[in-house]
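**Student:** let me see the structure of the following:
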Amino acid sequence: MRIAEDRRRWWVLTGACFGLFILMLDSTIVNLALPDMQHDLGASAAELQWVVNAYLLVMAAATVTMGRLGDLLGRKRVFQTGMLVFIAGSIVAATAPNPFVLVLGRLVQGLGGSALVALSLAIVARAFSDDERGRALGIWASVSAIALAIGPLLGGVLVDDLSWRWIFWINLPVGAAGLAITALAAEESRDETAEPRVDVAGVVTLGLGLGLVVLALVQGEDWGWRSAATIGSLLGGIGLLAAFCVVEHHVRQPIVDFTLFRNGPYLGASAAGFALVGAFWVVMFYEPQYLQNVLGHSALEAGLLVLPITVPMILLSPLTGGLARVVGLRLLMSLGMAAGTVGVAVLTLVDETPSYGVLVVGYLLFGTSLGIVYATMSTAAMDSMPAEKAGIAAGVLSMNRLLAGALLLALTGALVQQLSHGRPGAHAFTSALGQALWLIVGVMAVGTVLTAVLVRASRPAPAPAAGVVEHHARRAHV
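**Tutor:** Next comes the predicted model:
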């Protein structure tokens, strides 16, 4: 029985990693297919942004709630339901006859993905004992990094050799394997002490508020920046976000506990996460389009050329723990953020005929930042939190990073559309992109300063109880 139990734990890890793999793969693989999607479906620039923004917005609004539902209804049940929903969204996206259906599929994927984000690692943490958990979580993190890194390359192969639709079809066998394995191996678990409350008002006001703000930014160029639709959407979104802040101060189980941000190190790590992950989504949205539409590379070539952004995560992440002990967490994160800031600044130099030697410098610096900071930001944030705040702190950190992608991509897209207005062609796009990326440079610079000022050196912490580990395990990746 002992041998069977040991095998069961590793099968649980395998099943959870299948769910994590398709989620992380989707974070980068879709970007390589955007030019082909646009050409095949006749999508506008705004519709192309919604392919990514719809996915991010739903995940951002629902992730914390899915973790809560897992506590109440069963983590295995909610995880498997999320996997089914993600697969359903993949089928809708793969068969989309027009941009509207494609975006609808991405919305469904985002809803399912929010459950995978919230519960994948919690299921793994529950399956392993204290002495085995570290190794299991290390494998889990490695799978995440590998999926993010190979996404551009796999996306290029599928788009060039088959069709952009295969970037969604590939989710079906992987997701089905994850479903089958978790059904057979994973045991159900709940938080029996959790209050049966879900912050429905918070989910609604946050989701609708963010959606309206992003809608105004993405559609403003088509509707007119001074039109009633744009101004009404923007004001309505801001009003709902203000209502969200009020709601969160009056409910017993809020999505966001705003008192967390009174903790300096947590605020600094959250700022680093917002800046870096938001920049990641912007860079990975525009660079494949630039390489394909402006420089004329195939999808596979573009996937190979952007590998310097993603591969450093695999190479550097395992080293960050030792580096932090040598130079200190604050200095390591600050240097990483500074490298990322310079990297994005290099990418503002884009034109129609750049040397890849220039681009690769920007890619490598930004990729180095991802490899260093991505692995340490959660440590910096969670080390500063008392054990009883671990669950909500990890959930807010996850949501913060997803919101960053949606908001910064919408803002950058609005700038690109405005700066290139009435000037079609490669020159207008590259000029607008180069100027718009200075917004991201500024956000990264602010994140660097807040990291340097607020993050403190990591300190040894007592081992958390099993329940706290499960809550802490809800930390999401990109």
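**Student:** show me what contacts Ala145?
**Tutor:** Each residue near Ala145 by Cβ atoms under 8 Å, 6 or more residues apart in numbering is listed here: 313-314, 317. All C-beta spots, glycine's among them, are computed from the backbone N, C-alpha and C.
**Student:** check Gly202 too.
**Tutor:** Going by Cβ under 8 Å, 6+ apart, Gly202 touches 244, 247-248, 251, 254-256.
**Student:** which SS class is it?
**Tutor:** Three-state call for Gly202 (DSSP: H, G, I helix; E, B strand; the rest coil): helix.
**Student:** re the thing from before, are any of the contacts of Gly202 buried, and if so which?
**Tutor:** Neighbour counting with 16 or more other Cβ atoms under 10 Å marks 244, 247-248, 254-256 as buried within the contacts of Gly202.
**Student:** closest one to Gln219 out of those, please.
**Tutor:** In terms of Cβ to Cβ, no member of the buried ones among the contacts of Gly202 lies closer to Gln219 than Phe244, at 21.8 Å.
**Student:** the residue nearest to Ser114 when sequence neighbours are not counted and Val78: what is the separation?
**Tutor:** Excluding its sequence neighbours, the residue lying closest to Ser114 (Cβ to Cβ, 6 or more residues apart in numbering) is Ala62, at 3.8 Å. Separation of Ala62 from Val78 (Cβ to Cβ, to the nearest Å) stands at 11 Å.
**Student:** overlap in contacts of the two?
**Tutor:** Ala115.
**Student:** and the helix or strand hosting Phe285, what does it pack against?
**Tutor:** Secondary structure assigned from DSSP states H and E places Phe285 in helix 264-289. Contacts defined by 3 or more Cβ pairs under 8 Å, 6 or more residues apart in numbering; DSSP states H and E place helix 264-289 against helix 2-41, helix 45-73, helix 299-305, helix 307-316, helix 329-347, helix 356-383, helix 390-419, helix 426-454.
**Student:** in that helix, what's buried?
**Tutor:** 265-289.
**Student:** from the chain's centre, how far out does stretch 288-307 sit?
**Tutor:** 22 Å (Cα atoms, centre = their mean, to the nearest Å).
**Student:** got it, and stretch 431-438?
**Tutor:** Centroid separation between stretch 431-438 and its chain, computed with Cα atoms, centre = their mean, is 23 Å.
**Student:** Thr81 and Phe168, how far apart?
**Tutor:** From Thr81 across to Phe168, the span is 19 Å (Cβ to Cβ).
**Student:** more crowded one of these two?
**Tutor:** When Thr81 and Phe168 are compared for neighbours, Phe168 comes out ahead with 28 against 18, by other Cβ atoms under 10 Å.
**Student:** got a list of what that one touches?
**Tutor:** Contact analysis of Phe168 by Cβ under 8 Å, 6+ apart lists 90-91, 93-94, 105.
**Student:** and Asp351, by the same measure?
**Tutor:** Applying Cβ under 8 Å, 6+ apart, the residues near Asp351 are 430, 434.
**Student:** begin at 617 from here
**Tutor:** All set: I'll call the first residue 617, so the last point we hit is now Asp967.
**Student:** give me the pLDDT for it.
**Tutor:** Listed pLDDT for Asp967 reads 74.
**Student:** element containing it?
**Tutor:** Judged by DSSP H and E, Asp967 forms part of no helix or strand.
**Student:** likewise Ala738?
**Tutor:** Using DSSP H and E, Ala738 sits in helix 715-743.
**Student:** same question for the very next helix or strand once past that helix, mean pLDDT?
**Tutor:** Counting by DSSP H and E, the next helix or strand C-terminal to helix 715-743 is helix 746-777. Helix 746-777 shows a mean pLDDT of 79.
**Student:** just the angle between helix 746-777 and helix 923-932, please?
**Tutor:** Interaxial angle, helix 746-777 versus helix 923-932 (axes from the mean of the first three to the mean of the last three Cα atoms, to 10 degrees): 160 degrees.
**Student:** any low-confidence regions in the stretch 667-816 of the chain?
**Tutor:** 746-747, 749-750, 753, 806-812 (pLDDT under 70).
**Student:** what do you get for the stretch 917-1066 of the chain?
**Tutor:** Short version for the stretch 917-1066 of the chain, where the test is pLDDT under 70: 968, 970, 1002-1007, 1038-1041.
**Student:** rewinding a little: what packs against the helix holding Ala738?
**Tutor:** Checked by 3+ Cβ pairs under 8 Å, 6+ apart, helix 715-743 has helix 618-657, helix 661-689, helix 691-710, helix 746-777, helix 1006-1035, helix 1082-1088 packed alongside it.
**Student:** circling back to that earlier point, just the contacts of Ala761 now: which is nearest Ile797?
**Tutor:** Nearest to Ile797 out of the contacts of Ala761 is Ile930 (Cβ to Cβ; 24.0 Å).
**Student:** am I right that that closest one is in contact with Ser760?
**Tutor:** No - when contacts are counted by Cβ atoms under 8 Å, Ile930 is not listed as touching Ser760 (10.1 Å).
**Student:** more neighbours: those two, which one.
**Tutor:** Between Ile930 and Ser760, counting by other Cβ under 10 Å, Ser760 is the more crowded of the two (25 against 15).
**Student:** how far away is that one from Pro768?
**Tutor:** 15 Å.
**Student:** what's the answer for Leu1053, then?
**Tutor:** Counting by Cβ to Cβ, the gap from Leu1053 to Pro768 is 19 Å.
**Student:** on that earlier part again, want to try CSV for the helices and strands packed on helix 880-905, with distance to Leu822 as columns?
**Tutor:** Listed next are these as CSV, based on distance: least, Cβ to Cβ, whole Å:
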stretch, distance to Leu822
helix 618-657, 21
helix 661-689, 5
helix 915-921, 34
helix 923-932, 29
helix 945-963, 27
helix 972-999, 20
helix 1006-1035, 9
helix 1042-1070, 21
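**Student:** for Val816, which of those is the nearest?
**Tutor:** Val816 lies closest, by Cβ to Cβ, to one member of the helices and strands packed on helix 880-905: helix 661-689, at 8.4 Å.
**Student:** just the angle between that closest one and helix 715-743, please?
**Tutor:** Taking the same axes, to 10 degrees, one finds helix 661-689 and helix 715-743 inclined to each other by 30 degrees.
**Student:** show me what helix 661-689 is packed up against.
**Tutor:** The contact analysis (3+ Cβ pairs under 8 Å, 6+ apart) places helix 661-689 against helix 618-657, helix 691-710, helix 715-743, helix 816-839, helix 880-905, helix 1006-1035.
**Student:** try it again with 7 Å
**Tutor:** Contacting helix 661-689 under the criterion 3 or more Cβ pairs under 7 Å, 6 or more residues apart in numbering; DSSP states H and E are the following elements: helix 618-657, helix 691-710, helix 715-743, helix 816-839, helix 1006-1035.
**Student:** residue contacts, the residue lying closest to Val927 once chain neighbours are set aside?
**Tutor:** Sequence neighbours aside, Ala765 is the residue nearest to Val927 in space, at 5.2 Å (criterion: Cβ to Cβ, 6+ apart). Contact analysis of Ala765 by Cβ atoms under 7 Å, 6 or more residues apart in numbering lists 926-927, 929-930.
**Student:** can you check Asp873 too?
**Tutor:** Residues in contact with Asp873 (Cβ under 7 Å, 6+ apart) are 1008, 1012.
**Student:** for it, give me the pLDDT.
**Tutor:** 76.
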